[in-house]
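Peer 1: With the input below, show me the fold.
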Amino acid sequence: MDKTRFENFKEIAESTKVLGEDWDKVLESALIIHGHLCGAMPLGFRAGRLALKVLGVEREPNMAKIALVETGVFHAA
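Peer 2: All right, here's what the predicted structure looks like:
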């Protein structure tokens, strides 16, 4: 991954510090894992945060909780 893209991801993630709980680091990691910035990635991030809230559970940093989500066969379906 080129340095410019990584710096863009870092800048985007910095804007989420207002969410608290180190969500900026979580979003930055998600962007890096996803590999590119597109509309689906932030939507998935927000959906995951909402799911944690609705289920009344905390985020686990070791990824002990996972969700399998079927979104269709096309990107951002």
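Peer 1: CA only for contacts and neighbour counts going forward, please
Peer 2: Noted.
Peer 1: just the helices in the chain please.
Peer 2: For the chain, helices defined by DSSP state H occupy the ranges 3-14, 23-34, 40-55.
Peer 1: Among those helices, which comes closest to Gly72?
Peer 2: Taking C-alpha to C-alpha, helix 40-55 is the member of the helices of the chain nearest to Gly72, at 12.2 Å.
Peer 1: That closest one packs against which elements?
Peer 2: Using 3 or more C-alpha pairs under 8 Å, 6 or more residues apart in numbering; DSSP states H and E as the contact criterion, the elements in contact with helix 40-55 are helix 23-34.
Peer 1: for this structure, what are the low-confidence residue spans?
Peer 2: Low-confidence segments of the chain, defined by pLDDT under 70, are located at 1-3, 5-6, 13, 15-21, 75-77.
Peer 1: sorry, back to before: out of the helices of the chain, which is the most enclosed?
Peer 2: Mean neighbour count, computed with mean count of other C-alpha atoms under 10 Å, is highest for helix 23-34 among the helices of the chain, reaching a mean of 17.
Peer 1: Next, the angle helix 40-55 makes with it.
Peer 2: Comparing the axes of helix 23-34 and helix 40-55 via axes from the mean of the first three to the mean of the last three C-alpha atoms, to 10 degrees yields an angle of 130 degrees.
Peer 1: so what does helix 23-34 touch, helix or strand wise?
Peer 2: Counting contacts by 3+ C-alpha pairs under 8 Å, 6+ apart, helix 23-34 is packed against helix 3-14, helix 40-55.
Peer 1: Could you dump those into a markdown table and include distance to Ile33?
Peer 2: As requested, those are exported to a markdown table (distance: least, C-alpha to C-alpha, whole Å):
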| stretch | distance to Ile33 |
| --- | --- |
| helix 3-14 | 11 |
| helix 40-55 | 10 |
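Peer 1: Out of these, the one nearest Ile32 is which?
Peer 2: helix 3-14 (7.4 Å).
Peer 1: Centroid-nearest residue for this structure?
Peer 2: The centre of the chain sits closest to Phe45, judged by C-alpha atoms, centre = their mean, with a distance of 3.7 Å.
Peer 1: give the contact list for that one.
Peer 2: The contact partners of Phe45, by C-alpha atoms under 8 Å, 6 or more residues apart in numbering, come to 27, 30.
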